[in-house]
Structure formats: structure tokens, C-alpha cells
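>>> Build me a model from this:
(2 chains)
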Protein chains: 2
Amino acid sequence: MNLTILGCYAATPRSLTNPTSQVLEMKNRMFLIDCGEGTQVQLRKNKIKFSRINHIFISHLHGDHFYGLIGLISTFSLLGRQNDLHVYGPKGIKEVILLLLKTSGSWTSYNLYFHELDSKESEVIFEDDKVIVSTIPLKHRVYTNGFLFQEKTGDRKLNLDAVNEYGIETCYYNKVKSGSDMTLEDGKVIPNELLTFDPYPPMSYAFCSDTLYDETIVSLIRDVDVLYHESTFLDIDEQYCEKTMHSTAKQAAEIAVKANAKHLILGHYSTRYGSIEPFKEEAQTVFENVHLADDSKVFEFN
Amino acid sequence: MNLTILGCYAATPRSLTNPTSQVLEMKNRMFLIDCGEGTQVQLRKNKIKFSRINHIFISHLHGDHFYGLIGLISTFSLLGRQNDLHVYGPKGIKEVILLLLKTSGSWTSYNLYFHELDSKESEVIFEDDKVIVSTIPLKHRVYTNGFLFQEKTGDRKLNLDAVNEYGIETCYYNKVKSGSDMTLEDGKVIPNELLTFDPYPPMSYAFCSDTLYDETIVSLIRDVDVLYHESTFLDIDEQYCEKTMHSTAKQAAEIAVKANAKHLILGHYSTRYGSIEPFKEEAQTVFENVHLADDSKVFEFN
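Modelled structure (predicted):
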């Protein structure tokens, strides 16, 4: 599992910083999360192939999280994309994108599917054989969801020494990996646990931006491997949180503790601060394993 | 008069090139022309003060000419702008921008005026005491206008030696510059031409992008000082012009010749070409005074 931060600064694109967007690679799938203005250029700069992005998740319809979406959708068309594209986001996103396309007298070269969200409860919005994605309802000034990406438990790992020893043919390997016992030609049954190791533990990633400090999300993200939680402010500016419905670095760390997260990544920094290091220092007074998101930074988790 | 190119490449933003946007400074006014994705960052990089932009002209509603507009409008609000903002563009632009603002649950901190265009004839769309702006209807796949910016003839220039010699008091200078003759205390009338020089000749700038080669624009831009004319293709690819409704560098130069322009600036290059130098070489086979637009390039004309 790896995460490429395309942008992680609040409010407006600037010369050297970008609004929110990130790419999560999980089980060889690429998920684009949020799409602020400039995301398509950040994808190019980070050498992420456009054709690998088939699912885009939009947390909410503030500009710094989705004003790059129409440009990306248009560019996909200009490049002759054929693959289906799925967009998951708040109700209203379809109307906006379709109006923009209609206004420019254009349409996509590929099938574009919208999955509009309006539930205030967590729900599964994507599932295939390896990954499941569900919403994390957040508290912000407009309807907002975070997203929880969970790997499904994979196949058991083949014990190569053992399968060789018992003379299991390669055509049975998938059956063995799926957990079956094997019956040899002499009728002897070899229990699966002698032929395999436990599968890699499935990993999980929770994206939570933008949100007021909200303990109700803890039960949804409990034991998550990696939590990205917004930290727009430092604790000294905590008085702005209520009105703007954002969090401090300390509050993000408190959620990480309560959720028993293994890692916390901070981001969505207000541009009022000259340096982002104080965010890490503040969060580490509460939770140890803190990382700072920054544009074009890549995190690898195994 | 100076022109800052913020972006001048066709179709999509890329790591090192930007879609169309430029700032024309004329008579101390700043006019933003087109606003592709990333324009607000280009404005910052080129150190153009946001507060000086009060009039934005959008040629047409293809993404590479206006997908940066909503972000700029939003950023103006986030920065607490108070000045009125006027947007001139094709009918439909207001509906799109208002829907985007409504969707994000926000509104501007300033008065936002839309001047929607749907005329197929040239019309004056802006006029104050120093500058007049009119449309140049273009031939493109969607409704498109170029824009002609013309300085008005300014005051006559004071002949300081002469006004001193005749003892004209400073409180009469404005009257003299406006063209009045002066009557001295002894009743003698001094004709204005003895007290002043001719004013600076007014300058003009024509922005023509995107368009098929179209001689009907020649009468609208005759004798223009600076013509920016799109040159999406080189002559070897002229077969694409009809379908895409774009021009070649050679065709742009032919328009410059027919219009008796003093300078021609080329831009809106297709990204299929490795270098833009061939555009200049091709245009110069027809018209001598050719310049190549490029991102962040500034042209000064006096």
C-alpha cells in the first residue's frame, strides 16, 4: 500500500503548494482521493499514469477539493481514454460536471459513472475481490465524507518447501492458496496449514478531511493502519475550529489515539503558518507515530 | 501597454506549460483574458496583484480557456476581496459559475457582475475614459469571441517651454492639455498648437483565439498595433484546421498582413510539436514582425 500526496494545503493553490488530492495504491488499484485545481499537473509531475485511475472519490464540494475534477475528466477525453471512470461524491456533483461538459459542447470519450452520496451513515460505496471502500461521515460546513479503504484478506501464502515435499502439482496451487486441504494419490489428506502460511494481514487507510473534531468517527476507523486526518490549525488557533469546522493537529492525534491507529498523517494545513514542522511536534505530544503530508511526498506502508 | 502571457498552449495543462490566459496592462488598467486551469497560480508566479484585476474576458467555454475561472473567483473571496469583479463571456458562463458557487455553499465577498455575450456581430462591451473593448466574433466549434482593446486618444502633451514662455499658470494646464487655446491678460489669444504637442498615438491590442482562418475579422482589427492570433498547427498539419476549427502559423501571419498589424504574437500551440520555433519561421515567410508567446513571457509595446 502506498500513498502519493499530490496536494495537502488548505484553501487555495499557490506557487509551491497545491490543494487536496492524493493517490492511494492498494492491491494494485489506484484510487484518486479529492481533486483540487492543478491535480492533473500534479499527476503528471508525479508520473502517475492517467489510465490507471478508474475511481475518483470526492469528499466534499469545496473548491480546494474538487475544482480540478472537470479539467481531469476533460483531459482524459482529449487523450482518448476508453476505460470507464467512476466518480463518488456528494449529491450535486453530477449536475455540475454535466453542465460544464454541456457548456463546452463536449462529452467524454469513455463511460462516466457518478455515484452520488447523501447518506449520513457510513456505507459501502465500492467493493471488488480485493478492496472495499466505505464512507466516513464527517462534520464540516457542507456535506462531507471521509473514506475508509480496506484490503480484503488475501489468499494464504504457499509454503513452497512443503508443497514440493508432498509433490503437489502447480495446477493445484490456487486451490491450496484458497485454503483447501489436499488429498494425495495414496488417499492421505494433508491439512492446509501444513502447506501454507497465514496471508499478509490486510491493510487499511482512512482519509478524513475536512472535519471538526468528531469522536463519532472513531468506531468506524478503529485499528486502522494509516489515518490521514486534517489539521488545518495548530492548538493556539483552536478558536477558529468551531466556525470553520476544521481540526487542530492535537485533535487529529487524539482521534488517532482513540482509534488505535498505527500511523497518523497530518495535512490540510492552513497557509497562515510559515512551517509545517510545528504540526508534527504538537501531534506527537499525544500520539507518537506522526507523519507530515507534503506535496509530492510518497508514503509506503507494508 | 504590456502583455504578460500566463499560458499559451492548447488543450491541457502540463508540467511545464499552461492553457490560455494572459494579462493586458493598458493605460494602467489590468485586463485578464481567458482563464485556463492554473491561472491563479500563474498570476502569483508572475507577481500580478489579484486586486488589480477587475475585468475578466473569456473568449469561449472550452476548458483550456476557462476552467481556472471558478478557482480564481473563489480565491478572491477567500482573500476578502471587496472590489467589484466584471466577467465578460459567452451566454451560459453565469449559470456555470453560480452553480459551482451554490454547490460549495459559498458566495463571493464582493459584487460579481456577468456580462453575457451572444451577439454574432462585433459590439462594444467595455468603455471608460481611457480604454474601449469590443468583441471580434471568431469561427470556432463553440460560440467564441476575440477581443479588441483600444486606448482612447489621450490629452495633448504640454510644451513646457512654451507654457513657461507665455506665463501660463499651472492651474490652466489641464485646460491646455484638453486642447483649448489660451487668452492672455493682454487679450492676446495663443492657439493651442503653440502650447502643446500631439498626444501619444493610442495603442491597440487584438486577441484572436481560438479560430479558423477567417478574413472577416480583418476589417475589425485593421491597423492594430499588436495582434495575438492563435496558431495551433503548422502548415504541414493544415488538414486538421477545418475539423478542429483552428489556424496555422502561416494563416495567422496572413491575417496580420491583411490587417496591416504592426506586430503579430503567435500562441495556442498544439502540444504535438517538440519546439515552437518553427511557428515563427513559418509565419515569417509571410509577415516579418512575428513574436512567439510563451508562458510567463512579458511583451512591452510603446
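>>> all helices for the stretch 151-300 of chain A, in order.
Taking DSSP state H, counting those that start in this stretch, the helices of the stretch 151-300 of chain A run over residues A:160-165, A:173-177, A:192-195, A:241-244, A:249-259, A:277-284.
>>> and of these, who's closest to chain B?
Closest to chain B of these is helix A:241-244 (CB to the nearest CB; 11.3 Å). Where C-beta positions appear, they are placed from N, C-alpha and C, glycine not excepted.
>>> circling back to that earlier point, will you turn the helices of the stretch 151-300 of chain A into a markdown table that also has distance to A:S209 and mean pLDDT?
A markdown table is the format used below for the helices of the stretch 151-300 of chain A (distance: least, CB to CB, whole Å; pLDDT from 0 to 100):
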| stretch | distance to A:S209 | mean pLDDT |
| --- | --- | --- |
| helix A:160-165 | 43 | 94 |
| helix A:173-177 | 37 | 95 |
| helix A:192-195 | 42 | 96 |
| helix A:241-244 | 13 | 97 |
| helix A:249-259 | 10 | 98 |
| helix A:277-284 | 14 | 98 |
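>>> Deepest-packed of those helices, please.
Using mean count of other CB atoms under 10 Å in any protein chain shown, the stretch among the helices of the stretch 151-300 of chain A with the largest mean neighbour count is helix A:249-259, at a mean of 23.
>>> quick one, that one and helix A:277-284 angle?
Between helix A:249-259 and helix A:277-284, the angle formed by their directions is 40 degrees, by axes from the mean of the first three to the mean of the last three CA atoms, to 10 degrees.
>>> Only alpha carbons, please: show helix A:249-259 as PDB.
These are the backbone C-alpha positions of helix A:249-259, laid out as PDB (Å, rounded to 0.1, in the frame of the first residue of the first chain):
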ATOM      1  CA  ALA A 249      -3.000  18.800  14.900                       C
ATOM      2  CA  LYS A 250      -3.600  17.900  18.500                       C
ATOM      3  CA  GLN A 251      -7.200  16.900  17.900                       C
ATOM      4  CA  ALA A 252      -6.100  14.800  14.900                       C
ATOM      5  CA  ALA A 253      -3.700  13.000  17.200                       C
ATOM      6  CA  GLU A 254      -6.400  12.400  19.800                       C
ATOM      7  CA  ILE A 255      -8.500  10.700  17.200                       C
ATOM      8  CA  ALA A 256      -5.600   8.600  16.200                       C
ATOM      9  CA  VAL A 257      -5.100   7.500  19.900                       C
ATOM     10  CA  LYS A 258      -8.800   6.800  20.400                       C
ATOM     11  CA  ALA A 259      -9.000   4.800  17.100                       C
END
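>>> picking up where we left off before, so which of the helices of the stretch 151-300 of chain A is nearest B:L138?
helix A:241-244 (43.6 Å; CB to CB).
>>> ok, A:L100 - how many residues close by?
Burial measure for A:L100: 23 neighbouring residues, criterion other CB atoms under 10 Å in any protein chain shown.
>>> okay, A:F50: pLDDT?
As predicted, A:F50 sits at a pLDDT of 97.
>>> List the residues that contact it.
A:Q40, A:L43, A:T75, A:F76, A:L79, A:R81 (CB atoms under 8 Å, 6 or more residues apart in numbering or on different chains).
>>> swap in A:L184?
Counting by CB under 8 Å, 6+ apart, the residues that A:L184 touches are A:Y166, A:G167, A:I190.
>>> ok, it to A:E165 distance?
To A:E165, A:L184 is 11 Å away according to CB to CB, to the nearest Å.
>>> quick revisit: pull out the buried residues from the contacts of A:L184.
Neighbour-count burial (16 or more other CB atoms under 10 Å in any protein chain shown) is assigned, among the contacts of A:L184, to A:I190.
>>> Just to be sure, which of the contacts of A:L184 are found in strands?
Among the contacts of A:L184, the members found in strands (DSSP state E) are A:I190.
>>> Keep only the contacts of A:L184 that also lie close to chain B.
By CB under 8 Å from any CB of the partner chain, no member of those lies near chain B.
>>> Which residue in the contacts of A:F50 has the weakest pLDDT?
A:L79 (94).
>>> and it, how many residues sit next to it?
Neighbours of A:L79 using other CB under 10 Å come to 12.
>>> That one and B:T12, how far apart?
A:L79 sits 8 Å away from B:T12, going by CB to CB.
>>> just to revisit the earlier point, how about the helices of the stretch 151-300 of chain A, which one is nearest B:I33?
With CB to CB as the measure, helix A:241-244 is the member of the helices of the stretch 151-300 of chain A nearest B:I33 (34.3 Å).
>>> contacts for that closest one?
Applying CB under 8 Å, 6+ apart, the external contacts of helix A:241-244 come out as A:R141, A:L212, A:Y213, A:T232, A:F233, A:S247, A:T248, A:Q251.
>>> follow-up on the earlier one: I'd like the contacts of A:L184 as JSON lines, with distance to B:Y173 and pLDDT appended.
Written out in JSON lines, the entries for the contacts of A:L184 read as follows (distance: CB to CB, whole Å; pLDDT from 0 to 100):
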{"residue": "A:Y166", "distance to B:Y173": "107", "pLDDT": "94"}
{"residue": "A:G167", "distance to B:Y173": "108", "pLDDT": "92"}
{"residue": "A:I190", "distance to B:Y173": "107", "pLDDT": "95"}
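>>> Just the contacts of A:F50: which are in strands?
Per DSSP E, strands hold no members of the contacts of A:F50.
>>> Give me the buried entries from the residues you listed.
Using 16+ other CB under 10 Å as the threshold, A:Q40, A:L43, A:T75, A:F76, A:R81 are the buried ones among those.
>>> Identify the farthest-apart pair in those.
Counting by CB to CB, the most remote pair of these is A:L43 and A:R81, 13.3 Å apart.
>>> wait, doesn't A:N46 sit right on A:T4?
Yes. Counting by CB atoms under 8 Å, A:N46 touches A:T4, with 5.5 Å between them.
>>> Pull the contacting residues for the residue nearest to A:D214 when sequence neighbours are not counted.
Excluding the flanking residues, the one nearest A:D214 by CB to CB, 6 or more residues apart in numbering or on different chains is A:K139, at 4.7 Å. For A:K139, the contact set (CB under 8 Å, 6+ apart) comprises A:T211, A:L212, A:D214, A:M245.
>>> Out of the residues you listed, flag the one nearest to chain B.
When the contacts of A:K139 are compared for distance to chain B (CB to the nearest CB), A:M245 comes out closest, at 11.3 Å.
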